[in-house]
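Colleague: have a look at this fold, sequence not included:
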DNA sequence: CGGTATCCGAACGGATACTG
DNA sequence: CAGTATCCGTTCGGATACCG
């Protein structure tokens, strides 16, 4: 911590370290989608599954368990036959969805530009080699 | 498109579909970290690498190429010996970092609660079985 | 300095079958 | 209905060696 440069680098490393952890929460294929599916309120397992096109039973269950462990989603079991299991966002989960909304807005506004950039990149560097 | 329920589900699917694509941009291990490393301006390859603790040469190069293809990062080569390669955010990349900042703020404020939730979950469901 | 190429284990994630 | 268990291919990502 001698000079400002070193101090700043240390700060970046520390920040990056914890920052990486959040990314681990939402960076798998389905977590953010599940959180989004629950934004309007409680849903049963099957309803969540129907809302998220393409998710398998295995991955949905795994994702829900992980989010439950992280304190973002609440799981409520009504022991009946057949069983009823409801999922909803916890207050902590609600705080995260506000943040995720910004990501969604960015997508809506700028994703076409990303696709355009990709097409241009592929046109230039494209299928020339191999 | 008979009733509102179906219409809403369709809308969710479409949104989720494109939303998933942004997640693909930043959901790998290093992309968001690289974007963050470049927030203060242009950096040389080695400087980026030193800023991101733990990244390997292979993954850094791969991540930078991908971000370049997505139009988020610009790569400028000065052909000298030894070569100099500078990386910086494009205007499009700048728009994304504003969004990512919200994620970082969320982390700073709420991540401790996530860790607490995990500890509690593990305490309850913990190492009882297997 | 700033890469590329290759090998390899670990993790991700889909398909299928079975259960309370 | 809401899972669990298993198999298995694909991708991720680190280590190492080499290159212009």
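Modeller: Received, thanks. In this text, all values refer to a predicted model and were calculated from it rather than measured experimentally. Numbering: from 1, shown residues only, chains lettered A, B, ... in the order given.
Colleague: quick check, central residue of chain A?
Modeller: Centroid check for chain A by CA atoms, centre = their mean gives residue A:32 as the closest residue, at 2.5 Å.
Colleague: any idea which helix or strand comes after the lowest-mean-pLDDT helix or strand in chain A?
Modeller: Evaluated with mean pLDDT, DSSP states H and E, the helix-and-strand set of chain A has its lowest mean pLDDT in helix A:4-26, which scores a mean of 59. If you walk from helix A:4-26 toward the C-terminus, the next helix or strand you reach (DSSP states H and E) is helix A:31-37.
Colleague: so which elements touch that following helix?
Modeller: In terms of contact count using 3 or more CB pairs under 8 Å, 6 or more residues apart in numbering or on different chains; DSSP states H and E, helix A:31-37 is assigned the packing partners helix A:4-26, helix A:45-51, helix A:57-69, helix A:91-125, helix B:4-26. Any C-beta I mention is one placed from the backbone N, CA and C, and that applies to glycine too.
Colleague: any idea how far the fourth one is from the chain center?
Modeller: Mean-position distance between helix A:91-125 and its chain equals 12 Å (CA atoms, centre = their mean, to the nearest Å).
Colleague: look up the closest residue to the residue nearest to the centre of chain A, ignoring the ones flanking it.
Modeller: If you skip the residues right next to it in sequence, residue A:32 has residue A:26 as its closest partner in space, 4.5 Å away by CB to CB, 6 or more residues apart in numbering or on different chains.
Colleague: residue contacts, that neighbour?
Modeller: Applying CB atoms under 8 Å, 6 or more residues apart in numbering or on different chains, one finds that residue A:26 lies in contact with A:32, A:35, A:96, A:100, B:23, B:27.
Colleague: okay, those residues in TSV with distance to residue B:120 next?
Modeller: TSV is the format used below for these (distance: CB to CB, whole Å):
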residue	distance to residue B:120
A:32	23
A:35	20
A:96	18
A:100	24
B:23	28
B:27	27
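Colleague: out of those residues, which comes closest to DNA strand C?
Modeller: Comparing the contacts of residue A:26 against DNA strand C with CB to the nearest atom of the strand places residue B:27 closest, at 7.9 Å.
Colleague: number of residues surrounding the closest one?
Modeller: 18 (other CB atoms under 10 Å in any protein chain shown).
Colleague: write out the residues of chain A neighbouring DNA strand D.
Modeller: With CB under 7 Å from any atom of the strand as the criterion, chain A comes near DNA strand D at residues A:44-47, A:57-58, A:61, A:64-65, A:75, A:82-85.
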